[in-house]
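Colleague: Predicted model and sequence follow; I will ask about them next.
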Amino acid sequence: MVSTSVRSPWRLARTAAGATLSTATAIAVHLSTGGIVTPLTATVLIVVAAGIAWPLTSRRVSTSQLLGLLVLCQGLVHAVASAGDPTVGGLPMLAAHGVATVMTLLVLNFLASWNDFIW
């Protein structure tokens with residue numbers, strides 16, 4: 001079993017992958033459905049997501065826990081990115097964020113099962 005200590009490169013890789021993938025998909029669907037995300041906002045969101053992901057990568061999380069975290073990430077990205085434009089939203093954006101959540105969950109679960117050796 002590989003260490004999950006602060007110095008573990010695998011832990012850092014899990015943190016970076018989870019934070020970047022979850023935030024990038026949320027930003028992509030937000031942009032694709034008419035929302036606006038500035039580069040500064042995107043950077044801040046990825047850093048915040050990494051800060052949340054770091055303590056969670058010290059142990060495995062269940063699929064339902066991961067789903068909850070991804071829903072929160074999608075909601076956070078939407079809330080922050082839409083703060084300056086209350087007209088953004090509606091059913092198409094909600095559906096897109098939902099699809100992005102499921103797709104991210106599937107990808108992260110696949111990566112976790114494919115890379116069992118890093119745990």
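Modeller: Now that the structure is in, tell me what you want to look at.
Colleague: So which residue is dead centre in this protein?
Modeller: S22 (2.0 Å; CA atoms, centre = their mean).
Colleague: so what secondary structure elements neighbour the strand or helix carrying that one?
Modeller: Taking DSSP states H and E as the definition, S22 sits inside helix 9-32. Secondary-structure packing of helix 9-32 (3 or more CB pairs under 8 Å, 6 or more residues apart in numbering; DSSP states H and E): helix 39-56, helix 63-82, helix 91-114. C-beta here means a position set from N, CA and C on the backbone, and glycine is covered the same way.
Colleague: Name the residues that touch the longest one?
Modeller: Right, the one you point to is helix 91-114. Contacts to helix 91-114, defined as CB atoms under 8 Å, 6 or more residues apart in numbering, come from residues 17-18, 21-22, 25-26, 28-30, 32-35, 60, 63, 66-67, 70-71, 74-75, 78.
Colleague: Just the buried subset of those, written out for PyMOL, thanks.
Modeller: Remark: buried members of the contacts of helix 91-114, expressed as a PyMOL selection using 16 or more other CB atoms under 10 Å:
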select buried, resi 17+18+21+22+25+26+29+30+33+35+66+67+70+74+78
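Colleague: before we move on, back to that, number of nearby residues for the closest residue to the residue nearest to the centre of the chain other than its chain neighbours?
Modeller: Spatial nearest neighbour of S22, excluding adjacent residues (CB to CB, 6 or more residues apart in numbering): C73 at 4.5 Å. For C73, the count of nearby residues is 26 (other CB atoms under 10 Å).
Colleague: C73 touches A26, doesn't it?
Modeller: Yes. Taking contacts as CB atoms under 8 Å, C73 lies within contact range of A26: 5.9 Å.
Colleague: Let me see the contact set for I52.
Modeller: Taking CB under 8 Å, 6+ apart, one finds A19, L69 in contact with I52.
Colleague: now do the one 5 residues further on
Modeller: Counting by CB under 8 Å, 6+ apart, T57 touches T4, R11, R14, T15, G18.
Colleague: quick one: the closest residue to V71 other than its chain neighbours and P9, what's the gap?
Modeller: The shortest distance from V71 to any non-neighbouring residue, by CB to CB, 6+ apart, is to T101 (5.7 Å). Distance from T101 to P9, counting by CB to CB, to the nearest Å: 28 Å.
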